[in-house]
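In: I would like the atomic coordinates for the input below:
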Amino acid sequence: MRAFRSEWVKLSRRNTLIGFGGAMVGFSLLFTILAFVNVGGGDVDLEGGSAEEFVTAAVLSLPEGSVFAITNVAGFLGIIALALFASNLAGEFNKGTIRMLFVTEPNRLKVLAGKFAALASFVALGVAATLVVSVGAGALLAPGVGVETSAWWTPDGLAAIGSTYLNLTAAALVPALIAGTIAVLTRSASIAISVGAAWFILGEMLIGSFIDSLSVWGPAAITNALAVGGVGGAGMMGGAPPTIAYATAGLVALGYAVISMAICSTVFVKRDVTS
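Out: As a prediction, the model looks like this:
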């Protein structure tokens, strides 16, 4: 598909690879190091409680211990994906390049599908690279802090790595699609990023303290449940552990994605482009 290939030409630029891909890998590496520093007796506290309660050698030695650190950085991966989608989609309107795309491909749905597919594949590859770096760094750091990694490479351990990859990718794409929809509606990357990031980082948690159903069924709560569903553990970014089943979270996340794409495609197709 021409739209897909042309989008990847932009995504493969050094600024994008370093800015978004590098940020994903960098956050993962940082949190992996911090998790193992805790085991080694450091005073870093990732969850606001005591380090002894959060990270132990026993926890990291479990089959799912290899993905413990990256699971707790899932929220940051979602924010980076959110910024990528918003800046890309809004940028097409702000720079006027959207008109050139429509000239080369009059079918607007094909243009939008190509863009979404390329952006989603970028996020998927970024999560894969992040996972490789996190697990690799953990394997290198483990012997120095008394963590036994043999269980990581058992069938259960490899299954945990595989399911975590799928969970993190899905959890990153939910806020990304929502921010992309806001970007198409407002044609502003700054609005889409600020509103999306504010909601997923803090807004839903604050409002959810007054509206109980939002804290369970809101998009941030759903992405949290997706991210940790395969391995268990605490919520993302210091939030509470998920309170709904993993399968239910997947269905609700799919609903959010379908609604976002329906709104985005409708506006993308019907709105006049004047600049």
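
In: all helices of the stretch 101-250 of the chain, in order?
Out: 108-141, 155-186, 189-198, 204-208, 212-217, 219-229, 246-270 (DSSP state H, counting those that start in this stretch).

In: buried deepest among the ones you listed, which one?
Out: helix 219-229 (a mean of 26; mean count of other Cβ atoms under 10 Å). Every C-beta, even on glycine, is put in place using the N, C-alpha and C of the backbone.

In: can you give me the mean pLDDT across the host helix or strand of residue 24?
Out: Using DSSP states H and E, residue 24 sits within helix 22-39. Helix 22-39 shows a mean pLDDT of 89.

In: relative to residue 67, which of the helices of the stretch 101-250 of the chain is closest?
Out: helix 155-186 (4.2 Å; Cβ to Cβ).

In: how about the helices of the stretch 101-250 of the chain in TSV, adding distance to residue 26 and mean pLDDT?
Out: Below are these laid out as TSV (distance: least, Cβ to Cβ, whole Å; pLDDT from 0 to 100):
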stretch	distance to residue 26	mean pLDDT
helix 108-141	9	93
helix 155-186	15	94
helix 189-198	17	93
helix 204-208	25	86
helix 212-217	30	83
helix 219-229	18	88
helix 246-270	26	91
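
In: now render the ones you listed as JSON lines, adding distance to residue 102.
Out: Shown next, in JSON lines, are the helices of the stretch 101-250 of the chain (distance: least, Cβ to Cβ, whole Å):
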{"stretch": "helix 108-141", "distance to residue 102": "6"}
{"stretch": "helix 155-186", "distance to residue 102": "14"}
{"stretch": "helix 189-198", "distance to residue 102": "20"}
{"stretch": "helix 204-208", "distance to residue 102": "35"}
{"stretch": "helix 212-217", "distance to residue 102": "37"}
{"stretch": "helix 219-229", "distance to residue 102": "30"}
{"stretch": "helix 246-270", "distance to residue 102": "10"}
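
In: give me the phi and psi for residue 147.
Out: Backbone torsions of residue 147, given as degrees, to the nearest 10, read phi -100, psi 130.

In: residue 148 now?
Out: Torsion angles, degrees, to the nearest 10, at residue 148: phi -90, psi 120.

In: neighbours around it, how many?
Out: 14 (other Cβ atoms under 10 Å).

In: likewise the one 5 residues further on?
Out: Counted with other Cβ under 10 Å, the burial measure for residue 153 works out to 13 neighbours.

In: quick one: it from residue 20, how far?
Out: 30 Å (Cβ to Cβ, to the nearest Å).

In: nearest to residue 63, of the helices of the stretch 101-250 of the chain?
Out: Comparing the helices of the stretch 101-250 of the chain by Cβ to Cβ, helix 155-186 comes nearest, at 3.9 Å.

In: between that closest one and helix 22-39, how big is the angle?
Out: In terms of direction (axes from the mean of the first three to the mean of the last three Cα atoms, to 10 degrees), helix 155-186 departs from helix 22-39 by 140 degrees.

In: which strands or helices does helix 155-186 pack on?
Out: helix 68-71, helix 74-94, helix 108-141, helix 189-198, helix 219-229, helix 246-270 (3 or more Cβ pairs under 8 Å, 6 or more residues apart in numbering; DSSP states H and E).

In: got the angle for it vs helix 219-229?
Out: 160 degrees.

In: hang on, the earlier thing: out of the helices of the stretch 101-250 of the chain, flag the one nearest residue 62.
Out: Between the helices of the stretch 101-250 of the chain, helix 155-186 lies closest to residue 62; by Cβ to Cβ that is 8.3 Å.

In: coming back round to it: columns distance to residue 177 on top of the helices and strands packed on helix 155-186, output as JSON lines?
Out: Shown next, in JSON lines, are those (distance: least, Cβ to Cβ, whole Å):
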{"stretch": "helix 68-71", "distance to residue 177": "21"}
{"stretch": "helix 74-94", "distance to residue 177": "7"}
{"stretch": "helix 108-141", "distance to residue 177": "8"}
{"stretch": "helix 189-198", "distance to residue 177": "10"}
{"stretch": "helix 219-229", "distance to residue 177": "10"}
{"stretch": "helix 246-270", "distance to residue 177": "4"}
